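Novice: below is the sequence, then the predicted model.
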Amino acid sequence: MSTPSPPSPGRVLVALCVSVTISYGVLYYAFTVLAPAISTETGWSATAVTAAFSVGILAGALAGIPVGRELQKRGPRLVMTAGSLLGAAAIVLVGSASTYPVFVVAWLLVGLASSGTFYPPAFAALTHWYGAGRVRAITTLTLVAGFASTIFAPVTAALSESIGWRATYFVLAAVLLVVTVPAHAFALRLPWHPHETGGGGGRPDREVLRSRTFVLLAASGTLAALAMHASLVNLVPLLLQQGMDLQLAAWALGLSGAGQVVGRLAYPALDRRWPTNARAAGVIGVMAVTLGGLALVPGPALLVIAIAVVAGAARGLFTLVGATVVSDHWGPRRYAALNGVYQAPKGVAAALAPAFGAGIAAVTGSYALLFAVLASIALVAAGLAGAAGYDSPQPQPQPQPQPQA
């Protein structure tokens with residue numbers, strides 16, 4: 001009796017597009033819709049509810065380091081399947097939590113699950129299996145998964161209005177379990193060839209992580225992530241303070257999100273034409289300019305919205321810069337382990353960004369001043385990326401051998 005042949009890389013990409021989209025929709029975006037209902041029904045303050053969610057994001061960011069090492073050793077199949085199983089169980093626990101401590105524990109488990117189901121493990125899989133074609137594969141994934149909020153926000157809202165937030169989470173947990181567990185268990189079966197001995201060019205990972213290039217690039221990415229997430233959360237309050245009505249401000253936020261898709265479409269051309277550090281510095285520099293523009297330009301509304309769209313494009317490009325910078329510098333061989341360390345402080349920055357932005361706005365009394373501060377932070381991040389240099393010659397990616405049918 002013949003054994004089934006492993007799936008093709010194309011099927012892997014399709015499976016990851018579906019599973020990552022659902023994972024973000026269930027484990028992340030559903031909360032942004034359900035948070036007010038959770039607070040109203042339980043009596044927990046909105047701050048407390050959001051704090052539990054933020055704790056989960058922090059847990060996921062820190063868990064990314066050991067998860068990256070496990071990915072490097074065993075490949076994504078076990079890690080991502082386990083992440084989906086844990087995620088489904090954790091979301092059931094969120095929906096059934098009757099006390100606040102249980103609610104916090106549930107979000108801690110959601111955060112741990114996210115470290116095995118969000119972009120970083122999927123990027124590691126595509127980087128390993130697609131070799132020289134990884135940029136196109138990763139771009140495709142981010143284009144599809146970029147619609148997670150577009151799909152899940154209205155679906156979650158409709159379910160919540162019909163059956164309540166707890167039952168909504170039970171339904172979403174079932175979707176996560178039924179779709180993503182088989183997708184990971186059966187589609188991620190390509191041969192995995194771990195490289196245990198060292199990072200780029202055969203150097204030990206510890207040496208790479210201590211290098212000036214890695215430290216500066218990680219610092220740049222962390223500061224840029226802080227500026228990006230704080231600006232995204234506070235864009236609508238800024239526009240309201242500048243005199244826009246709520247509906248127009250919401251349209252500006254939505255169009256800014258559409259700008260991310262446009263930016264990601266442009267990334268492969270940017271990847272071919274610009275060196276790694278110049279590409280990172282340029283993208284973050286555009287982010288800094290647009291944040292400064294939003295701080296300084298009060299109107300007319302169409303001009304402000306246009307700046308917000310360009311800011312969205314910079315965010316979309318930055319996602320792909322972060323996905324490829326490690327493999328560009330040190331090759332795809334040890335991507336999973338090195339990228340886990342690179343992504344961890346960025347995840348911490350993303351978790352702290354809402355509180356950071358709210359604190360600056362409260363101290364200054366002005367969202368425009370907040371955006372000026374964020375523009376300055378992004379400008380520093382761009383400078384760090386430009387100054388990072390190359391601590392070894394950039395490796396030329398080699399295509400991975402294709403499995404035999």
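Specialist: Looks like it came in fine. Residues are numbered from 1 along each chain as shown.
Novice: how much space between Val325 and Thr150?
Specialist: Separation of Val325 from Thr150 (CB to CB, to the nearest Å): 27 Å. Heads up, the C-betas are built off the backbone N, CA and C, glycines and all.
Novice: comparing the two, which residue is more hemmed in?
Specialist: Neighbours per residue, other CB atoms under 10 Å: of Val325 and Thr150, the larger number sits with Val325, 24 against 15.
Novice: from the chain's centre, how far out is the helix or strand bottoming out on mean pLDDT in the chain? Work that out for me.
Specialist: For the chain, using mean pLDDT, DSSP states H and E, the weakest element among its helices and strands is helix 246-273, scoring a mean of 88. Relative to the chain's own centre, helix 246-273 is displaced by 15 Å; criterion: CA atoms, centre = their mean, to the nearest Å.
Novice: what's the mean pLDDT across the helix or strand in which Ala280 is found?
Specialist: Secondary structure assignment for Ala280, by DSSP states H and E: helix 276-296. What helix 276-296 shows for mean pLDDT is 97.
Novice: in it, what counts as buried?
Specialist: Neighbour counts over helix 276-296 (16 or more other CB atoms under 10 Å) mark 276-277, 279-295 as buried.
Novice: and for stretch 150-159?
Specialist: Phe152, Val155, Thr156, Leu159.
Novice: which of these fall in helices?
Specialist: In helices, judged by DSSP state H, the following of those are found: Phe152, Val155, Thr156, Leu159.
Novice: the least confident helix or strand of the chain vs helix 276-296, what angle?
Specialist: Helix 246-273 runs at 160 degrees relative to helix 276-296, counting by axes from the mean of the first three to the mean of the last three CA atoms, to 10 degrees.
Novice: skipping its backbone neighbours, what lies nearest Phe31 in space?
Specialist: Among residues not flanking Phe31 along the chain, Phe53 sits closest, at 5.4 Å (CB to CB, 6 or more residues apart in numbering).
Novice: surely the one you found meets Ala106?
Specialist: No - between Phe53 and Ala106 there is no contact, the gap being 10.3 Å when judged by CB atoms under 8 Å.
Novice: before we move on, back to that, let me see the mean pLDDT of the strand or helix carrying the residue nearest to Phe31.
Specialist: Assessed by DSSP H and E, Phe53 sits inside helix 46-74. Helix 46-74 carries an average pLDDT of 92.
Novice: tell me what that helix is packed against?
Specialist: helix 30-42, helix 76-96, helix 100-114, helix 119-130, helix 335-364 (3 or more CB pairs under 8 Å, 6 or more residues apart in numbering; DSSP states H and E).
Novice: next, the angle helix 46-74 makes with the last one.
Specialist: Spelled out, it's helix 335-364. Regarding helix 335-364 and helix 46-74, their directions subtend 160 degrees when assessed with the same axes, to 10 degrees.
Novice: by contact count, what packs against the helix or strand immediately after helix 335-364 in the chain?
Specialist: Tracing the chain past helix 335-364, the next element assigned as helix or strand by DSSP H and E is helix 367-387. Applying 3+ CB pairs under 8 Å, 6+ apart, one finds that helix 367-387 contacts helix 212-241, helix 276-296, helix 335-364.
Novice: mind redoing it with 10 Å?
Specialist: If you count contacts as 3 or more CB pairs under 10 Å, 6 or more residues apart in numbering; DSSP states H and E, helix 367-387 packs onto helix 212-241, helix 276-296, helix 301-330, helix 335-364.
Novice: a markdown table for those, including distance to His193?
Specialist: A markdown table is the format used below for those (distance: least, CB to CB, whole Å):
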| stretch | distance to His193 |
| --- | --- |
| helix 212-241 | 23 |
| helix 276-296 | 24 |
| helix 301-330 | 15 |
| helix 335-364 | 12 |
